[in-house]
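[1] Give me a 3D structure for the following:
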Amino acid sequence: MALYTVVPFVWTLSTALKGPEENVFAFPPDFIPDHPTLDNFREVWRRVPYFGRYFINSLVIAGASIILNVLCSSMAGYALARLRFPGRNLAFLVVLWTLMIPFQITMIPLFLIVLRLGLLNTYAGVILPTAVTGFGIFLFRQAFLRIPHSLSEAARIDALKGVPNGPFTGELHCLWSSQRSPPWSFSLLFRHGGSFSGR
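    The predicted structure is shown next:
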């Protein structure tokens, strides 16, 4: 899984460092350039006048979306995994149903909502629709369910010495640090792994 994810990024970087005389479509691909050069990067900045603006937009939108998605999805996932309340299973089913709806169906309604809120052509108009996702909630819920309740209870009782702000913070620290592969890492990868917002 790691190789499947990393190889395209390595190939992209190696291709960007190749000169015009090298074959970027060679198969099997050559990951080590014969004569590495940064001319391709200089050429992009020269030919595309607003490339810096596009780059900043990508950083701001992807960064804010990732932070909000991790915060909101982790809180919702924790509630669905740990808290007992009426309609919890129904709420989780609704989350699963949202995963079955193609983005093409929700794209126009989302645009109309953003338009009526006056957020068109703003960072908030792009960031807020991605602040929480069904996939993120599902991922965090499943990760929290894997942790034994006894571990959470021990964290609440002991308040994890050295962790400030009481037992609840201790429990959260326990939940996050006990994961071999933190769920937020997969959430970031699948949500923003290939995103580029050139606006």
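
[2] For the rest of this, base every contact and every neighbour count on C-alpha atoms.
    Fine.

[3] Check the model's average confidence along the longest helix seen in the chain for me.
    For the chain, the helix that runs over the most residues, judged by DSSP state H, is helix 51-82. Averaging pLDDT along helix 51-82 gives 89.

[4] helices and strands around it, which ones?
    helix 39-47, helix 88-99, helix 123-127, helix 134-145, helix 183-192 (3 or more CA pairs under 8 Å, 6 or more residues apart in numbering; DSSP states H and E).

[5] ok, now with 6 Å
    Applying 3 or more CA pairs under 6 Å, 6 or more residues apart in numbering; DSSP states H and E, one finds that helix 51-82 contacts helix 134-145.

[6] Look at the residue nearest to residue 16 when sequence neighbours are not counted and say how many residues are nearby.
    Spatial nearest neighbour of residue 16, excluding adjacent residues (CA to CA, 6 or more residues apart in numbering): residue 40 at 6.5 Å. Neighbour count for residue 40, taken as other CA atoms under 10 Å: 15.

[7] distance of residue 40 from residue 13?
    11 Å (CA to CA, to the nearest Å).

[8] residues touching the closest residue to residue 73 other than its chain neighbours, list them.
    On the basis of CA to CA, 6+ apart, the spatially nearest residue to residue 73 that is not a chain neighbour turns out to be residue 137, at 4.6 Å. By CA atoms under 6 Å, 6 or more residues apart in numbering, the contact set of residue 137 is 73, 76, 77.

[9] host element of residue 150?
    helix 149-158 (DSSP states H and E).

[10] And for residue 105, the neighbour number?
    9.

[11] Walk me through the domains of the chain.
    Domains of the chain are assigned by automatic domain parsing as 1-47, 50-192.

[12] Mind pulling up the pLDDT for residue 178?
    Residue 178 carries a pLDDT score of 55 in this model.

[13] now residue 107
    89.

[14] Can you give me the neighbour number for it?
    Using other CA under 10 Å: residue 107 sits among 11 other residues.

[15] Which parts of the host helix or strand of it count as buried, going by neighbours?
    Following DSSP H and E, one finds residue 107 within helix 103-116. By neighbour count with 16 or more other CA atoms under 10 Å, helix 103-116 contains the buried residues 111, 114.

[16] hmm, who's touching that helix?
    So helix 103-116 is contacted by 120, 125 (CA under 6 Å, 6+ apart).

[17] Name the nearest residue to residue 74, sequence neighbours excluded.
    With CA to CA, 6+ apart, the residue lying closest to residue 74 is residue 140, at 5.5 Å.
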